[in-house]
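**Q** show me how the following folds:
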Amino acid sequence: MRKHIYALIVALILTLTGCAEKKRDTDTPIVPLITETVMAVNLDVTEGLVYDETDNTWSTDDEELQKFVDIMKNECAESKDEKGVRILAADDKIIFIAGLNSLDIDGNKVSAYTTYDIASLSKMFTATCIFQLCEQGKLSLDDTIDKFFPEFDRGKDITIYDLLHMQAGLNREFFPENVMLNEDGSDNIEIARKYYTDGYTDEELLNGLFSSELICEPGTESNYSNAGYTLLAMIIEKITGIGYDEYVKNNIFNVCGMAHSSSMKTGDLTSVAELPEEDEYIEFIELMGSSGMDSPRTARGAGGIHSCAADMVAFDRALIGGKLINEDSLAKMFDLQLDPDNPVASMYDNKYDYGCGWELHPTRPTSIEAYWHGGDEIYYKSGNMYCKSEKYGNIYLIQLYSSRKEQTFDNMMHCDNSIIEALKK
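**A** Okay, the predicted model is just below:
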């Protein structure tokens, strides 16, 4: 058995990370916080597309977009071992959809409406919620978190901005690594299992986090923290008086028409997860039980959203189109804090490397704006890419996988990069 399975467990839940319409007035409330809103209705995303039964793909017949169709066809042919869904879209049309090499729980070929665990893609939803509350005057990015957690001594030094940008100096999880170890240094599987199956109360989780030393002084460097985004979810609950899942449903899912999406639920996925190949993941599953991780409450805000490719396109379009937050908030969301040692950092004024649920794409393109976040869970991998293009407008590429193979991340990045390179030309 490999040592320190805790490090593996942590890595598993981390990031590797409607049509556009007239922007709303910034003084207009988004939707009621307590009463459930009427679900927006989105048309079938496959409407008007050409279906190819041989490879389970749907393509636009727009001649100007055929180079993208050809790219995606080729990428899918090169990903014969991957299982999942890919969708490429612009603001006003769907360009390509692929259901890759798998069936859903009903035995049908996977489609744009098959649901997956999107893992850390959930963070972009949490960041959106925070900006909504800021626009309503219920919150400020400059608020320190002792306002919400007075029992946390260092809370007076940490702002909402710090949490959003991974600059709070918090551990990755609520408990530091040594808590997950026995006195002899071996892994304490019982504590790990309890942690990742919602076995601890919020109070116990907060006690674990607030009693730990900070990794660094707040605002001085970036350190990826799932616990930080769960704190944001808890703050949303404190401000609104409703659960994080209900807030997201009312103020994002319903607004965007994301009828196939959920937060903090179990048992509603329609994709069939494939067992991972790597020995360490198999070992982890055996230790944790066949259900793997089941922590919708512990992970809320940082993960735990289930969605499908069609719904994710609706979210991207609504977010970038100003339906969820205004232009000022959107600019702050994508004001990435890049490392000055990064070769493309000169494109930006700031110094760290994480925005608000978004990062510069890992391929670090220099002549086109491309943003991304990834999700990584025991059975699932995901990626959401947004690019700005003068010729084609906003382009979105969502990839959701129900398998994790050694080459899955590389295949995902290759597909992303192929689209980025095509947009440059």
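
**Q** quick one: stretch 79-98 to chain centroid distance?
**A** 17 Å (Cα atoms, centre = their mean, to the nearest Å).

**Q** got it, and stretch 215-233?
**A** For stretch 215-233, the distance to the chain centre is 16 Å (Cα atoms, centre = their mean).

**Q** and if you look at stretch 158-171?
**A** 17 Å.

**Q** so what's the residue count around Val41?
**A** For Val41, the neighbour count with other Cβ atoms under 10 Å is 8. (C-beta placed from N, C-alpha, C; glycine too.)

**Q** phi first, then psi, for it.
**A** Per-residue torsions, Val41: phi -110, psi 120 (degrees, to the nearest 10).

**Q** that one: what's it in contact with?
**A** Gly257 (Cβ atoms under 8 Å, 6 or more residues apart in numbering).

**Q** what's the local residue count around the closest residue to Gln407 other than its chain neighbours?
**A** Of all residues not flanking Gln407 in the chain, Asp81 sits nearest, at 7.5 Å (Cβ to Cβ, 6 or more residues apart in numbering). Neighbour count for Asp81, taken as other Cβ under 10 Å: 13.

**Q** how about the one 4 residues further on?
**A** By the other Cβ under 10 Å criterion, the neighbourhood of Val85 contains 28 residues.

**Q** bridged to it, which residues?
**A** Beta-bridge partners for Val85, by DSSP bridges, are Gly99, Leu400.

**Q** surely it and Ser111 touch.
**A** Yes - taking Cβ atoms under 8 Å as the definition, Val85 is a contact partner of Ser111 at 7.0 Å.

**Q** quick check: neighbours shared by the two?
**A** What both Val85 and Ser111 touch, as defined by Cβ under 8 Å, 6+ apart, is the set 97, 99.

**Q** ok, the closest residue to Leu209 other than its chain neighbours to Lys424 distance?
**A** Leaving out its chain neighbours, the residue that sits closest to Leu209 by Cβ to Cβ, 6+ apart is Phe174, at 4.5 Å. Distance from Phe174 to Lys424, counting by Cβ to Cβ, to the nearest Å: 42 Å.

**Q** so if I had to pick from the two, which one is more boxed in?
**A** Ranked by neighbour count (other Cβ under 10 Å), Phe174 and Lys424 place Phe174 first, with 24 against 13.

**Q** quick one, what contacts that one?
**A** Contact analysis of Phe174 by Cβ under 8 Å, 6+ apart lists 195, 200, 205-206, 208-209, 227, 230, 298.

**Q** lowest pLDDT pick from those residues?
**A** The lowest pLDDT within the contacts of Phe174 belongs to Tyr195, which sits at 88.

**Q** pretty sure that residue sits against Glu177.
**A** No - taking contacts as Cβ under 8 Å, Tyr195 lies outside contact range of Glu177: 11.7 Å.

**Q** looking at these two, which one has more neighbours?
**A** Between Tyr195 and Glu177, counting by other Cβ under 10 Å, Tyr195 is the more crowded of the two (24 against 14).

**Q** can you report how many residues lie near the closest residue to that one other than its chain neighbours?
**A** Leaving out its chain neighbours, the residue that sits closest to Tyr195 by Cβ to Cβ, 6+ apart is Phe175, at 6.5 Å. Neighbour count for Phe175, taken as other Cβ under 10 Å: 22.

**Q** got the contact list for Phe175?
**A** 191, 195, 205, 208-209, 212.

**Q** distance check, it against Ser389.
**A** From Phe175 to Ser389 the distance is 43 Å (Cβ to Cβ).

**Q** just Lys381 next, same as before
**A** 26 Å.

**Q** so which of those two has more stuff around it?
**A** Lys381 (27 against 17).

**Q** is it correct that that one is in contact with Gly374?
**A** Yes - under the criterion of Cβ under 8 Å, Lys381 makes contact with Gly374 at 7.4 Å.

**Q** and the most centrally placed residue in the chain, its phi and psi?
**A** Closest to where the C-alpha atoms of the chain average out (Cα atoms, centre = their mean) is Leu121, at 0.5 Å. Dihedral pair for Leu121: phi -60, psi -20, per degrees, to the nearest 10.

**Q** look up the closest residue to it, ignoring the ones flanking it.
**A** With sequence-adjacent residues excluded and distances taken as Cβ to Cβ, 6+ apart, Leu121 is closest to Gly375, at 4.5 Å.

**Q** in the stretch 101-250 of the chain, which spans are helices?
**A** Using DSSP state H, counting those that start in this stretch, the helices of the stretch 101-250 of the chain run over 122-135, 160-164, 189-195, 202-210, 226-240, 244-248.

**Q** which of the ones you listed has the lowest average pLDDT?
**A** Across those, helix 189-195 gives the lowest mean pLDDT, at a mean of 84.

**Q** how about it as CSV, C-alpha atoms only?
**A** These are the backbone C-alpha positions of helix 189-195, laid out as CSV (Å, rounded to 0.1, in the frame of the first residue of the first chain):
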residue,chain,number,x,y,z
ILE,A,189,-8.1,5.7,6.9
GLU,A,190,-11.0,6.0,9.3
ILE,A,191,-10.6,9.8,9.6
ALA,A,192,-10.1,10.1,5.9
ARG,A,193,-13.3,8.1,5.2
LYS,A,194,-15.2,10.1,7.7
TYR,A,195,-14.0,13.4,6.2
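
**Q** so what secondary structure elements neighbour it?
**A** helix 5-12, helix 279-288 (3 or more Cβ pairs under 8 Å, 6 or more residues apart in numbering; DSSP states H and E).

**Q** what ranges in this protein fall below the confidence cut-off?
**A** 1-38, 278-284, 287-293, 337-353 (pLDDT under 70).

**Q** now do the strands in it.
**A** 50-52, 57-59, 84-90, 94-100, 116-117, 262-263, 305-307, 359-360, 370-376, 381-389, 393-401 (DSSP state E).

**Q** so which of these gets nearest Met413?
**A** The closest of the strands of the chain to Met413 is strand 381-389. By Cβ to Cβ, the value is 8.1 Å.

**Q** buried sites along that closest one?
**A** By neighbour count with 16 or more other Cβ atoms under 10 Å, strand 381-389 contains the buried residues 381-387, 389.

**Q** quick one, which of the helices of the stretch 101-250 of the chain is packed in tightest?
**A** helix 122-135 (a mean of 25; mean count of other Cβ atoms under 10 Å).
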